[in-house]
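Asker: Got a predicted model here, sequence first, then my questions.
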Amino acid sequence: MSSTTDTGEIFETMIPARLDRLPWSRFHWLLVVGLGITWVLDGLEVTLMGAISAVLQRGDVLGFSAAEVGSISSAYLTGAVVGGLIFGHLTDRFGRRTFFFVSLSTYLIGVALTAVSWNLASFATFRFLTGAGIGGEYSAVNSAIDELIPARFRGRIDLMINGSFWLGALAGAASTALILDPKIFAVNVGWRLGFGAGAVIGLVILYLRRFIPESPRWLFTHGRRDEAETIVREFEEELGASDPLTDSRLGEPLRIRVRHRFGLEVILRPLLAEYRKRSILGLTLMAAQAFLYNAIFFTYALVLNRYYKVPAGLTGLYLMPFALANFLGPMSLGHFFDTVGRRPMIAATFAIAALTLIVTGYLFQRGALSAATQTVLWSLMFFFASSAASSAYLTVSEIFPLEIRAIAIAIFYSMGTAVGGIVAPWFFGFLIDTGSRGALYLGYLIAAGLMLIAAGVELWFGIAAERMSLEHIARPLSAAG
């Protein structure tokens, strides 16, 4: 069958250059809040899931084992893989804006249903649905952010938005002191209220997104250039930008051949042929950071409870300092990804995080740490690991052609999560169940080794994408001439 619907019509456009030359404005802040706030909410409820893992093992709650808690996390990540692939393809085909709402609604329904889980099967099913929504969010949101944020700000804004997950994590950690306090809520009620409240708060995000337009870049590659022109012209008039017809700084126009649909061959061929090295890069970065985060983040409460005898109701408080470090990392280092450059900064953050984990794991294995010092070293590691993880999402969202951007994000997020994430929570839950510090240290070494491999691949295959237009980094598949 035909892989594309091609009208043969060719037109010229300056829309990408016009979007990139816009000054930072109130609209860009609306974009950051309306799209990025999803990560805040996700951080809140994922942190809650980690904090209640010990509570869920109580006989008077749900009586799960550590391995079963890990399997629930794996169900969430499996949902993210499936949802990312499905919603990613639909986002490229039908537009970014539509799936802002579809994926977020799926996510909120899953969170709300989690609050009424009654056994392992229901809990895992509802976490799968939640994961499917967040997988779709990664595709639609990261595509839109890259396509609407001016090139000179793209790196730091991407890192800041992805790092905002940890603001939610910080809030989630603080909330556990309230919802897990048996003096305030019954032990089988508080954690349910936490998920339910997150779903209610998330409804506000749906309202905020009403004011975010479709990506003009997506519109003109799908033959809707009048709509794209109208959106960009409104931006320019509001911000007082110069007339594009008289602004010589915009350079040469981009020539586009109108294509309304892109088949599987057109999607996969670039990833496996001309962008093969970039595909290896994206998969490696995503898999390494997914394994590290899912290995530690979904089981940190089990480690504190099992090895340091921290009461289950207090484990969430220990998350607060390294949630703060995870947020401060991208906020502090994001500027350098646009100035020093992508390749050196990505490689450095992956490598420093790996070396810190090796040292932390060794001290843990020797029994030389307390709950407090373990948390301090985790915080130091995640200060750098958070920037590394955010840069992985930044990388896969900007190094592939516009027409396959969302599905590329979905593919590498899904593959990275499948390779590095789905197994990790179960694997580390199994290691914790052995009660052996040496076994858990081996798991930490595996995670650190993957991070070091990712740093090397970045140095070898990394793209100097800082301050460059998306069309210069990867020409649109629709580009003519």
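Answerer: Structure received. Computed from a prediction, not measured in an experiment: that's the story for all the values here. Residues are numbered from 1 along each chain as shown.

Asker: Settle this for me: G110 is touching G135, isn't it.
Answerer: No: applying Cβ atoms under 8 Å, one finds G110 not in contact with G135, separated by 11.0 Å. Every residue, glycine included, has its C-beta placed from N, CA and C.

Asker: Between those two, tell me which one has more neighbours.
Answerer: G135 (30 against 25; other Cβ atoms under 10 Å).

Asker: Give me the local confidence score for the more buried one.
Answerer: At G135, the pLDDT value in this model is 84.

Asker: Check the one 4 residues further on too.
Answerer: The predicted structure scores S139 at 82 on the pLDDT scale.

Asker: so what sits against both of G110 and G135?
Answerer: By Cβ atoms under 8 Å, 6 or more residues apart in numbering, G110 and G135 have these common neighbours: G79.

Asker: What's the first helix or strand after the helix or strand of the chain with the lowest mean pLDDT?
Answerer: Sorting the helices and strands of the chain by mean pLDDT, DSSP states H and E puts strand 4-13 at the bottom, at a mean of 65. Following strand 4-13 in sequence order, the next helix or strand is helix 15-20 (DSSP states H and E).

Asker: The helix or strand just after that next one - contacts with which helices or strands?
Answerer: Past helix 15-20, further along toward the C-terminus, the next helix or strand under DSSP H and E is helix 26-51. Here helix 26-51 touches helix 66-94, helix 96-114, helix 120-148, helix 154-163, helix 165-179, helix 190-208, helix 300-308, helix 315-339, going by 3 or more Cβ pairs under 8 Å, 6 or more residues apart in numbering; DSSP states H and E.

Asker: I'd like these as JSON lines, with distance to A290 appended.
Answerer: Below are those laid out as JSON lines (distance: least, Cβ to Cβ, whole Å):
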{"stretch": "helix 66-94", "distance to A290": "8"}
{"stretch": "helix 96-114", "distance to A290": "18"}
{"stretch": "helix 120-148", "distance to A290": "12"}
{"stretch": "helix 154-163", "distance to A290": "13"}
{"stretch": "helix 165-179", "distance to A290": "13"}
{"stretch": "helix 190-208", "distance to A290": "22"}
{"stretch": "helix 300-308", "distance to A290": "16"}
{"stretch": "helix 315-339", "distance to A290": "15"}
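
Asker: Identify whichever of those lies nearest to V423.
Answerer: With Cβ to Cβ as the criterion, V423 lies closest to helix 66-94 of the helices and strands packed on helix 26-51, at 7.4 Å.

Asker: quick one: that closest one to helix 26-51, angle?
Answerer: 160 degrees (axes from the mean of the first three to the mean of the last three Cα atoms, to 10 degrees).

Asker: Show me what counts as buried in helix 66-94.
Answerer: Residues 66, 68-93 are the ones in helix 66-94 that count as buried (16 or more other Cβ atoms under 10 Å).

Asker: Check stretch 212-226 too.
Answerer: Neighbour counts over stretch 212-226 (16+ other Cβ under 10 Å) mark 212-225 as buried.

Asker: which one of the residues you listed is nearest Y300?
Answerer: Nearest to Y300 among the buried residues of stretch 212-226, with distances taken as Cβ to Cβ, is I212, at 34.5 Å.

Asker: May I ask you to confirm that that closest one is in contact with R97?
Answerer: Yes: counting by Cβ under 8 Å, R97 is a contact partner of I212 at 6.8 Å.

Asker: Need the overlap of contacts for those two.
Answerer: A144.

Asker: is it true that R257 lies in a helix?
Answerer: No: counting by DSSP: H, G, I helix; E, B strand; the rest coil, R257 falls outside a helix, being strand.

Asker: For it, list each beta-bridge partner.
Answerer: Listed beta-bridge partners, R257: I10 (assigned using DSSP bridges).

Asker: Pull the most distant pair out of the buried residues of stretch 212-226.
Answerer: I212 and G223 (21.6 Å).

Asker: Closest to A177 out of the buried residues of stretch 212-226?
Answerer: Of the buried residues of stretch 212-226, the one sitting nearest to A177 (Cβ to Cβ) turns out to be I212, at 34.8 Å.

Asker: Now do the same contact list for the nearest residue to the closest one once chain neighbours are set aside.
Answerer: Nearest residue to I212, sequence neighbours excluded (Cβ to Cβ, 6 or more residues apart in numbering): G34, at 5.2 Å. Applying Cβ under 8 Å, 6+ apart, we find G34 in contact with 205, 208-209, 211-212.

Asker: Show me which of these are buried.
Answerer: Counted by 16+ other Cβ under 10 Å, the contacts of G34 give 205, 209, 212 as buried.

Asker: Can you report how many residues lie near the spatially closest residue to the first one that is not a sequence neighbour?
Answerer: Spelled out, it's I205. Spatial nearest neighbour of I205, chain neighbours left out: I37 (5.5 Å); criterion: Cβ to Cβ, 6+ apart. By other Cβ under 10 Å, the residues close to I37 number 20.

Asker: With distance to G443 added, can I get the contacts of G34 in a markdown table?
Answerer: Below are the contacts of G34 laid out as a markdown table (distance: Cβ to Cβ, whole Å):
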| residue | distance to G443 |
| --- | --- |
| I205 | 35 |
| L208 | 40 |
| R209 | 39 |
| F211 | 45 |
| I212 | 41 |
